[in-house]
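S.K.: Take a look and give me a structure for this.
(3 chains)
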Amino acid sequence: MPELPEVEVTRQGITPHLLNQTVSALVVRNASLRWPVPQVAQNIVGQTITHIRRRAKYLLIETQAGITIIHLGMSGSLRILPASTPIEKHDHIDMLLANGQVLRFNDPRRFGAWLWYELPEENHPLLARLGPEPLSEAFNPLQLQQAIANKKKAIKLCLMDNHIVVGVGNIYANEALFAAGIHPQTPAAKVDIARLTVLVTEVKRILALAIKQGGTTLKDFTNADGKPGYFAQKLHVYGRGGQTCTHCGNLLSEIKLGQRTTVFCGRCQTR
DNA sequence: ACTACAACCTGGGGGC
DNA sequence: TGCCCCCAGGTTGTAG
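M.R.: Next up is the predicted model:
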């Protein structure tokens, strides 16, 4: 489920339930995630949660002793529930709180991650080399232009490259390129600064709107309270290959780019 | 260094 | 119903 908006919606949902709470136990039913859940993840037990932050699509649950790093992968989700709630299929991890609540991690495909780190998180190998946050000032037309100055690969692949900008996955890359009128296959370095300026604006606008709408619910995304998101109603191209362009009525094209389905309007997205 | 793409998993949907 | 194939929100690791 998660691109940046879905992760941010999750963060906002779990934060009030976790902040200043003490962890009473960590129950790992299935440690086979993207990487094995390490034994040291248990170091959070007895700790009090001081901050819940997000970097790219990683959630960081901070304590004095260290940070739990969570990634939802393709199909992960986090819920806040009473600890007595029955376990369902793919409920792999429970972080039990002293107040009787539980943070429950469910992930059918197990592409997600649950890690523990005791140094400043900017040093963590997974986080150290990430590009700027898309909703920050650090992501701007000049930064983007410099980052892709020598890139021959498609602009869409660059938009989805975590070294260039984080948090833009397949849904929002398709949507932002449509909104900016840029053909997804255009070699990145050939997109002029005027177009890049529009692209940056659209990425920020679309991500912010998706967060406000509670994320995009495609199959089963729900926030920490079990409620769906409503951004799917605003999608112009993603999942609409072969249907008509909402702007010009042209039939939308569908191709593969970097193994990912790419939908665009050949008339509106020129370059 | 850049680019391409296989791999990690499960489940749902379509075709036969 | 059942089987087989393809597809899916992400990211790393490897090979060229």
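
S.K.: Check the offset of stretch A:55-63 from the chain's centre.
M.R.: Here stretch A:55-63 shows a centroid-to-chain-centroid distance of 11 Å under the convention C-alpha atoms, centre = their mean, to the nearest Å.

S.K.: what about it, how long is it end to end?
M.R.: End-to-end distance for stretch A:55-63, by C-alpha to C-alpha, to the nearest Å: 16 Å.

S.K.: Tell me if it is near DNA strand C.
M.R.: Yes: Stretch A:55-63 reaches DNA strand C (C-beta under 7 Å from any atom of the strand) through A:56-57. Bear in mind the C-beta positions are built from the backbone N, C-alpha and C, glycine included.

S.K.: buried set for the longest helix seen in chain A?
M.R.: Criterion DSSP state H: the longest helix present in chain A is helix A:193-212. Neighbour-count burial for helix A:193-212 flags A:195-200, A:202-204, A:206-207, A:210-211 (criterion: 16 or more other C-beta atoms under 10 Å).

S.K.: Show me what it is packed against.
M.R.: Applying 3 or more C-beta pairs under 8 Å, 6 or more residues apart in numbering; DSSP states H and E, one finds that helix A:193-212 contacts helix A:4-18, helix A:141-147, helix A:155-159, helix A:170-180.

S.K.: helices or strands up against the second one?
M.R.: Applying 3+ C-beta pairs under 8 Å, 6+ apart, we find helix A:141-147 packed against helix A:193-212.

S.K.: what about dumping the CA coordinates of the helix it packs on to PDB?
M.R.: C-alpha atoms of helix A:193-212 as PDB (Å, rounded to 0.1, in the frame of the first residue of the first chain):
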ATOM      1  CA  ILE A 193      14.200  23.700 -16.400                       C
ATOM      2  CA  ALA A 194      10.800  25.100 -17.100                       C
ATOM      3  CA  ARG A 195       9.300  21.700 -17.200                       C
ATOM      4  CA  LEU A 196      11.300  20.600 -14.100                       C
ATOM      5  CA  THR A 197       9.900  23.500 -12.300                       C
ATOM      6  CA  VAL A 198       6.400  22.500 -13.000                       C
ATOM      7  CA  LEU A 199       7.200  18.900 -12.200                       C
ATOM      8  CA  VAL A 200       8.600  19.800  -8.700                       C
ATOM      9  CA  THR A 201       5.400  21.900  -8.100                       C
ATOM     10  CA  GLU A 202       3.200  19.000  -9.100                       C
ATOM     11  CA  VAL A 203       5.000  16.400  -7.100                       C
ATOM     12  CA  LYS A 204       4.600  18.500  -4.000                       C
ATOM     13  CA  ARG A 205       1.000  19.400  -4.700                       C
ATOM     14  CA  ILE A 206       0.000  15.800  -5.400                       C
ATOM     15  CA  LEU A 207       1.800  14.300  -2.400                       C
ATOM     16  CA  ALA A 208       0.400  16.900  -0.100                       C
ATOM     17  CA  LEU A 209      -3.100  16.400  -1.500                       C
ATOM     18  CA  ALA A 210      -2.900  12.600  -1.200                       C
ATOM     19  CA  ILE A 211      -1.800  13.000   2.500                       C
ATOM     20  CA  LYS A 212      -4.700  15.300   3.100                       C
END
